[in-house]
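J.: A predicted structure for the sequence below; I have some questions about it.
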Amino acid sequence: MARNLTTGAPWRVILIFSVPLLIGNVVQQLYQVVDAIVVGRQLGIDSLAAVGATGSLLFLLLGFAWGVTSGFAIPTAQAFGSGDLDAVRRSVAAGTLLTGAMSVVLTIGAPLIAGPALQLLQTPEELLNEATVFAQISFLGAFAVMFFNYLSAVIRAIGDSRTPLVFLTLSCLLNIGLVVLMVGPLDWGVAGAALATVVSQAVSVVLCLEYIRRRIPVLHVRRADWRVSRSEVVEHLRLGMPMGFQTSIIAIGTLTVQVALNELGADAVAAYTTASRVDSIAVALLSSLGLAASMFAAQNLGGQRPDRIRRGVVQATWMSIGAAIVIGAPLIIFSEQLVRVFVGDGSEAVVDAAAYMLVVDGFTYSALGVLFVLRGVLQGLGRTVAPTVTGVVELVMRVGAAIVLGSAFGFVGVVWSNPLAWLGAIALLVPAYVIEHRRLGRMRVEPLAPTPTTPIPIVGPVDGSMNVDAVVTGSIPAQDPGETASRRRARDTDSASSM
């Protein structure tokens with residue numbers, strides 16, 4: 001159901017919007033968690049390490065796709081916030097065409113480079129074959145990943161964060177059944193684990209399309225809407241490409257970490273992979289607040305409510321810090337028990353190393369939570385420079401830690417690459433948002449249109465006075481969701497002059 005984020009207490013709106021995102025992010029990470037548990041216990045540590053060895057490469061390309069499609073939905077959210085439904089449909093058309101073009105390139109090109117890329121990353125020889133198979137099948141399903149991310153993003157752009165959760169949950173349940181079947185009875189190995197995820201994502205795409213056709217007319221693209229202008233394409237690329245490149249820049253840093261891990265051996269890869277599976281669930285909870293803040297900022301920018309954006313950012317930041325503390329504490333306390341869910345007995349070196357990583361990350365989640373909120377808000381406002389530069393900062397910090405600290409302290413040094421990258425990005429995002437915060441404070445605030453429950457005071461007989469007891473009790477015409485703010489003002493002025 002579409003939801004306008006330009007009314008209501010900012011913290012409450014962001015929280016309500018983020019809860020389905022939070023659950024959805026956890027469910028999405030459950031894909032990888034289930035794969036890791038089944039692969040680790042059914043096929044062994046080497047197969048688990050092989051799947052983990054593909055993580056950075058998959059993140060580099062599929063992460064780019066996720067960032068781009070999320071950026072394509074920002075103009076949709078801004079148009080919806082302003083009430084311009086024609087612009088909403090044109091935005092959906094432009095985003096769909098661009099997503100389709102990019103998915104073709106990625107689906108054809110990525111499988112061809114998977115093997116050489118893994119060799120370039122110095123993947124251990126004993127892991128290379130399985131890692132290549134897993135990566136190739138995952139890339140062949142890139143179209144499903146891109147379109148599910150894009151469809152989910154445009155549905156969220158109109159304020160509906162619940163529907164993508166429903167489809168994601170159904171897809172996850174299907175994934176669980178398929179991965180158990182394909183890795184277990186069918187004995188398809190890591191290929192089965194990758195194929196299960198691809199099939200479940202494709203099912204999600206079909207479900208989203210059918211739901212939009214039946215239930216969300218505001219997203220129905222008409223024939224005329226497909227004739228998008230060059231300026232509209234450029235605007236979508238302006239917002240989408242930096243978000244994709246930002247994700248890829250971060251991914252390059254994780255590739256460097258992967259190389260450092262590969263040089264430390266299979267146990268180090270398995271430990272990092274295992275800890276990352278647990279860590280990804282915690283990170284998903286924090287990223288949901290950042291995504292909610294992004295959509296909140298985009299809609300309120302379209303609705304000309306900079307005052308709400310300023311209040312919402314402060315409130316979302318405090319919420320993210322509180323969430324980071326609540327999430328980090330269990331990881332610190334129960335780190336070893338969580339790791340043993342994945343690797344079982346007989347791998348004490350892997351357990352100890354993975355548990356250490358969870359403890360370090362658990363203590364530094366507050367920085368990550370603030371990072372997600374500030375970066376999400378800047379992206380929602382269409383500010384692409386600072387978020388992209390923070391990606392470069394993360395790259396430098398992550399690479400430096402992996403190379404320098406990894407060489408000096410081994411796995412312990414590599415573990416610190418993530419927290420140091422988060423802190424480096426925060427050092428840039430805070431002043432960037434402070435500048436934006438001041439700019440928002442100078443913007444004109446669009447007056448709220450009256451609603452059927454809003455009493456309208458009548459100006460009294462004395463200049464400058466107001467008779468607060470005299471209110472209009474008659475009905476007020478319901479607002480057309482497609483009516484722009486300027487049209488609402490003109491209509492309200494006409495109504496007032498006729499009284």
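T.: Looks like it arrived, so ask away.
J.: which SSE is the residue nearest the centre of the chain in?
T.: Note on the chain: the residue nearest the mean C-alpha position is residue 291, at 5.6 Å, using CA atoms, centre = their mean. For residue 291, the enclosing helix or strand under DSSP states H and E is helix 266-302.
J.: now the helices: where do they sit in the stretch 51-200 of the chain?
T.: If DSSP state H, counting those that start in this stretch is used as the criterion, the helices of the stretch 51-200 of the chain fall at 55-72, 74-82, 85-120, 125-140, 142-157, 163-183, 189-215.
J.: that older thread, roughly how far does the residue nearest to the centre of the chain sit from residue 19?
T.: Counting by CB to CB, to the nearest Å, the gap from residue 291 to residue 19 is 12 Å. Any C-beta I mention is one placed from the backbone N, CA and C, and that applies to glycine too.
J.: do residue 377 as well
T.: Distance, residue 377 to residue 19, by CB to CB: 19 Å.
J.: the two: which is more packed in?
T.: Here residue 377 and residue 19 are compared on neighbour count by other CB atoms under 10 Å; more neighbours surround residue 377, at 29 against 15.
J.: what about the closest residue to that one other than its chain neighbours, neighbour count?
T.: Taking CB to CB, 6 or more residues apart in numbering as the measure, residue 377 lies nearest to residue 297, with 4.6 Å between them; neighbours along the chain are not counted. Close neighbours of residue 297, defined as other CB under 10 Å, add up to 34.
J.: if I pick residue 297, what's in contact with it?
T.: Shown here is residue 297, whose contacts under the criterion CB atoms under 8 Å, 6 or more residues apart in numbering are 309, 312-313, 376-377, 380-381.
J.: kindly recompute the last result at 6 Å.
T.: With CB atoms under 6 Å, 6 or more residues apart in numbering as the criterion, the residues that contact residue 297 are 309, 377, 380-381.
J.: which residues in the stretch 251-400 of the chain form helices?
T.: Using DSSP H, counting those that start in this stretch, helices in the stretch 251-400 of the chain cover 266-302, 306-333, 335-343, 348-363, 365-380, 385-400.
J.: want to throw the ones you listed into TSV with distance to residue 428 and mean pLDDT?
T.: Formatted as TSV, the helices of the stretch 251-400 of the chain follow (distance: least, CB to CB, whole Å; pLDDT from 0 to 100):
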stretch	distance to residue 428	mean pLDDT
helix 266-302	16	84
helix 306-333	16	93
helix 335-343	30	81
helix 348-363	21	89
helix 365-380	10	92
helix 385-400	5	86
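J.: I'd like those helices laid out as CSV, including distance to residue 417.
T.: Output for the helices of the stretch 251-400 of the chain, formatted as CSV (distance: least, CB to CB, whole Å):
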stretch, distance to residue 417
helix 266-302, 10
helix 306-333, 18
helix 335-343, 18
helix 348-363, 10
helix 365-380, 13
helix 385-400, 5
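J.: and of the ones you listed, who's closest to residue 128?
T.: When the helices of the stretch 251-400 of the chain are ranked by proximity to residue 128, the top entry is helix 266-302, at 11.6 Å, counting by CB to CB.
J.: what angle separates the closest one from helix 365-380?
T.: For helix 266-302 and helix 365-380, the angle between their directions (axes from the mean of the first three to the mean of the last three CA atoms, to 10 degrees) works out to 40 degrees.
J.: angle of helix 266-302 against helix 306-333?
T.: Helix 266-302 runs at 160 degrees relative to helix 306-333, counting by the same axes, to 10 degrees.
J.: could you list the low-pLDDT ranges of this protein?
T.: Low-confidence regions of the chain, defined here as pLDDT under 70, cover residues 1-2, 29-33, 35, 344-346, 446-499.
J.: that older thread, which one of the helices of the stretch 251-400 of the chain lies closest to residue 259?
T.: Go through the helices of the stretch 251-400 of the chain one by one with CB to CB and the one that ends up closest to residue 259 is helix 385-400, at 9.8 Å.
J.: which residues touch that closest one?
T.: Here helix 385-400 makes contact (CB under 6 Å, 6+ apart) with 242, 246, 249-250, 252-253, 256, 375, 378-379, 417, 420-421, 424-425, 428-429, 432.
J.: give me the next element, helix or strand, following it.
T.: helix 406-409.
J.: what's the helix or strand just after that next one in contact with?
T.: Towards the C-terminus, the helix or strand next in line after helix 406-409, according to DSSP H and E, is helix 411-415. The contact list for helix 411-415 (CB under 6 Å, 6+ apart) reads 257, 260, 264, 268, 353, 357, 360, 402, 405-406.
J.: most neighbours among those residues, which one?
T.: For these, neighbours were counted by other CB under 10 Å; the highest total belongs to residue 402, with 27 neighbours.
J.: before we move on, the earlier item: wait, the residue nearest to the centre of the chain sits on residue 21?
T.: Yes: taking contact to mean CB atoms under 6 Å, the distance of 5.5 Å between residue 291 and residue 21 places them in contact.
J.: okay, now the residue found closest to residue 141 once you drop the neighbours it is linked to in the chain: neighbour count?
T.: The shortest distance from residue 141 to any non-neighbouring residue, by CB to CB, 6+ apart, is to residue 198 (3.0 Å). For residue 198, the number of neighbouring residues by other CB under 10 Å comes to 20.
J.: how close does residue 198 sit to residue 204?
T.: With distances defined as CB to CB, the gap from residue 198 to residue 204 amounts to 11 Å.
J.: swap in residue 192?
T.: The span separating residue 192 from residue 204 equals 19 Å under the rule CB to CB.
J.: same question for residue 211.
T.: With CB to CB as the criterion, residue 211 and residue 204 are 11 Å apart.
J.: cool, residue 402 as well?
T.: According to CB to CB, residue 402 stands 34 Å off from residue 204.
J.: what do you get for residue 125?
T.: Separation of residue 125 from residue 204 (CB to CB) stands at 36 Å.
J.: more neighbours: which of those two?
T.: Neighbours were tallied for residue 125 and for residue 204 using other CB under 10 Å; the higher tally belongs to residue 204 (27 against 8).
J.: ok, that one touching residue 149?
T.: No: Residue 204 is beyond contact range of residue 149, at 9.8 Å (criterion: CB under 6 Å).
J.: confirm residue 243 sits in a strand?
T.: No: assessed by DSSP: H, G, I helix; E, B strand; the rest coil, residue 243 does not belong to a strand; its assignment is helix.
J.: that one contacts residue 69, correct?
T.: No: with contact taken as CB under 6 Å, residue 243 and residue 69 are classed as non-touching, separated by 8.9 Å.
J.: what helices and strands are in contact with the helix or strand that contains residue 28?
T.: With secondary structure defined by DSSP H and E, residue 28 is part of helix 10-42. For helix 10-42, the elements it packs on are helix 45-53, helix 163-183, helix 189-215, helix 266-302, helix 306-333, helix 335-343, judged by 3 or more CB pairs under 6 Å, 6 or more residues apart in numbering; DSSP states H and E.
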